[in-house]
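Chemist: give me the fold of what follows.
(2 chains)
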2 protein chains.
Amino acid sequence: MLNPIEFFFDFSSPYGYIASHKIDEIAANEGREIRWKPIMLGPAFKATGNRPLIEQSIKGEYAAKDCERFARYMKIPWVLPDPFPIAALSVARGFYWLDDDDPALAKRFAKAAFHAYFGEGRNISAPGVAAEVAAEQGIDAQEFEAAIARPSIKERLRRESENSLERGVFGSPFIIVDGEAFWGADRLWMVKKWLRTGGW
Amino acid sequence: MLNPIEFFFDFSSPYGYIASHKIDEIAANEGREIRWKPIMLGPAFKATGNRPLIEQSIKGEYAAKDCERFARYMKIPWVLPDPFPIAALSVARGFYWLDDDDPALAKRFAKAAFHAYFGEGRNISAPGVAAEVAAEQGIDAQEFEAAIARPSIKERLRRESENSLERGVFGSPFIIVDGEAFWGADRLWMVKKWLRTGGW
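Modeler: Sure, this is the predicted structure:
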């Protein structure tokens, strides 16, 4: 039985959004399961002394242009949302709440949340907007809002983020395949080759 | 007449080293000329508040592993040199001294310098070692050492580095194709597609 691929991302990460459109197909082509793992990168940025790319001068201007170009290449919708970046707690918590009962629904919600933010520019950090996105996927908005306010769900996201940092996850997207780590949407070609060849 | 491709790199950059093995082939396949442009990234790092990847905690460990993996994939020699990173002034100055008279020789020297540092771990920041590498390419070592100590050559490298920063070059490798900027060895596939399609 092959190990599942782990796909770590922050809902506030443009390159996470870009990779989210391709990663399932890459896994499926190699007969692998895949686990989506939203995390909060704030603590990792603190640990590495890093900042979101787009906030950095010069590099940030490049990144904004590059995201747009990358999205055009992938033929996926793209806006640079305002506000950006955000602390995407509401949607990440909502994901884990859904994931325990129905991983397929959780993933559908994650895709919808990414689309709402980077495809439509909706501020998914607001619990109300997150619940609205959930409702569009047939999830009860009130139940959703109650769930993401629960201490146990908050704790779950905190734990997932801490665990990922302990495993060396410092950016988004971050993909782990059989213990091998790949960082960045521009490494999907390498993930594909690694899966196909078993590594080199 | 098609524009030449510009290939900016710092001799202290592992990803610059990796890209240097592929970029000429990419240009040649599309019938493009290519100009190699060694620069000093120090000022750009100051401007962007950045640091060399490998110095950053967690991210640095990933980068060290990733460079080795990338080099294995490319089937090129790789050592993590000590000291690393270096201020690669001697070789970058030497490059521009050679480039005015004989661009082909300058490029051969650049490849040899990259190989000496990342293939063999020799400290090319020392003028003596840089001159040794030059001598291995049939260049007079004494002339080389005298040339790189000349104020006009020092000024030349400073100007090239400043100009590149003004044009938005903040990392290595950095490739400009018809005004379009691409950053990173992991974007060579995109450079290739851009050249082939004329952009999207």
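Chemist: can you list the residues of chain A near chain B?
Modeler: A:44, A:47-51, A:56-59, A:61-62, A:65-66, A:69, A:72-73, A:165, A:168, A:170-171, A:181, A:183-184, A:186-187, A:189-190, A:193, A:200 (CB under 8 Å from any CB of the partner chain). For every residue, glycine as well, the C-beta is placed using N, CA and C.
Chemist: what's the ChimeraX syntax to select whichever of those are buried?
Modeler: Written as a ChimeraX command, the selection of buried residues from those, which uses 16 or more other CB atoms under 10 Å in any protein chain shown, is:
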select /A:44,48,50,56,58,59,62,66,69,165,168,170,171,181,183,184,186,187,190
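Chemist: of the residues of chain A next to chain B, which belong to strands?
Modeler: Among the residues of chain A next to chain B, the members falling in strands are A:Ala181, A:Trp183 (criterion: DSSP state E).
Chemist: mind listing what whichever residue of chain A sits closest to chain B touches?
Modeler: Residue nearest to chain B within chain A: A:Asp186 (4.3 Å; CB to the nearest CB). A:Asp186 is in contact with A:Tyr15, B:Gly184, B:Asp186, B:Arg187, B:Met190, counting by CB atoms under 8 Å, 6 or more residues apart in numbering or on different chains.
Chemist: any chance you could map the strands in chain A?
Modeler: Going by DSSP E, chain A shows strands at A:5-9, A:34-38, A:174-177, A:180-183.
Chemist: can I get those strands in TSV with mean pLDDT?
Modeler: As requested, the strands of chain A are arranged in TSV below (pLDDT from 0 to 100):
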stretch	mean pLDDT
strand A:5-9	98
strand A:34-38	97
strand A:174-177	98
strand A:180-183	98
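Chemist: out of those, which gets nearest to A:Val133?
Modeler: strand A:34-38 (13.5 Å; CB to CB).
Chemist: quick revisit: quick one: pLDDT of the residue of chain A closest to chain B?
Modeler: Note on A:Asp186: pLDDT of 93.
Chemist: can you put the contacts of A:Asp186 in CSV and add distance to B:Val91?
Modeler: Formatted as CSV, these follow (distance: CB to CB, whole Å):
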residue, distance to B:Val91
A:Tyr15, 33
B:Gly184, 22
B:Asp186, 24
B:Arg187, 24
B:Met190, 28
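Chemist: now, the residues you listed that are in helices?
Modeler: A:Tyr15, B:Met190 (DSSP state H).
Chemist: any idea how far the residue of chain A closest to chain B lies from A:Phe70?
Modeler: 8 Å (CB to CB, to the nearest Å).
Chemist: mutual contacts of these two, please.
Modeler: Counting by CB under 8 Å, 6+ apart, the contacts common to A:Asp186 and A:Phe70 are A:Tyr15.
Chemist: lowest average confidence across helices and strands of chain A, where is it?
Modeler: helix A:42-48 (a mean of 75; mean pLDDT, DSSP states H and E).
Chemist: can I get it as PDB, trimmed to CA atoms?
Modeler: What follows is helix A:42-48, C-alpha atoms only, in PDB (Å, rounded to 0.1, in the frame of the first residue of the first chain):
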ATOM      1  CA  GLY A  42       2.400  32.600  10.800                       C
ATOM      2  CA  PRO A  43       4.300  30.500  13.400                       C
ATOM      3  CA  ALA A  44       6.600  29.100  10.600                       C
ATOM      4  CA  PHE A  45       7.300  32.600   9.400                       C
ATOM      5  CA  LYS A  46       8.200  33.600  12.900                       C
ATOM      6  CA  ALA A  47      10.500  30.600  13.200                       C
ATOM      7  CA  THR A  48      12.300  31.200   9.900                       C
END
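Chemist: poorly predicted segments of chain A, please.
Modeler: Scanning chain A with the threshold set as pLDDT under 70 gives A:49, A:52-54.
Chemist: where along it do the helices fall?
Modeler: A:14-20, A:23-29, A:42-48, A:59-74, A:89-101, A:103-114, A:127-136, A:141-148, A:151-166, A:188-197.
Chemist: highest mean neighbour count out of those helices?
Modeler: helix A:14-20 (a mean of 26; mean count of other CB atoms under 10 Å in any protein chain shown).
Chemist: how far does that one sit from its chain's centre?
Modeler: 7 Å (CA atoms, centre = their mean, to the nearest Å).
Chemist: who are the packing partners of that helix?
Modeler: strand A:5-9, helix A:59-74, helix A:103-114 (3 or more CB pairs under 8 Å, 6 or more residues apart in numbering or on different chains; DSSP states H and E).
Chemist: who touches that helix?
Modeler: With contact meaning CB under 8 Å, 6+ apart, helix A:14-20 is reached by A:7, A:9-10, A:36, A:54, A:63, A:67, A:70-71, A:74, A:76, A:80, A:110-111, A:114, A:117-118, A:172-173, A:175, A:184-186, A:188.
Chemist: got the CA positions of it in CSV?
Modeler: Extracted C-alpha coordinates of helix A:14-20, given in CSV (Å, rounded to 0.1, in the frame of the first residue of the first chain):
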residue,chain,number,x,y,z
PRO,A,14,-1.4,32.3,-3.8
TYR,A,15,1.0,29.5,-4.7
GLY,A,16,-1.0,27.2,-2.5
TYR,A,17,-4.1,28.2,-4.5
ILE,A,18,-2.2,27.5,-7.8
ALA,A,19,-1.0,24.1,-6.7
SER,A,20,-4.4,23.1,-5.4
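Chemist: what pairs with the closest residue to A:Arg167 other than its chain neighbours across the strands?
Modeler: Nearest-residue entry for A:Arg167: A:Ile176, 7.3 Å, with adjacent residues in sequence omitted and distances by CB to CB, 6 or more residues apart in numbering or on different chains. As for beta bridges, A:Ile176 partners with A:Glu6, A:Ala181 under DSSP bridges.
Chemist: how about the strands of chain A, which one is nearest B:Pro85?
Modeler: strand A:180-183 (19.7 Å).
Chemist: and the contacts of the closest one?
Modeler: Residues contacting strand A:180-183 (CB under 8 Å, 6+ apart): A:168-171, A:173-176, A:190-191, A:194, A:199, B:62, B:65-66.
Chemist: make it 10 Å
Modeler: A:5-6, A:8, A:15, A:19, A:167-176, A:187-188, A:190-191, A:194-195, A:199, B:59, B:61-63, B:65-66, B:69, B:186 (CB atoms under 10 Å, 6 or more residues apart in numbering or on different chains).
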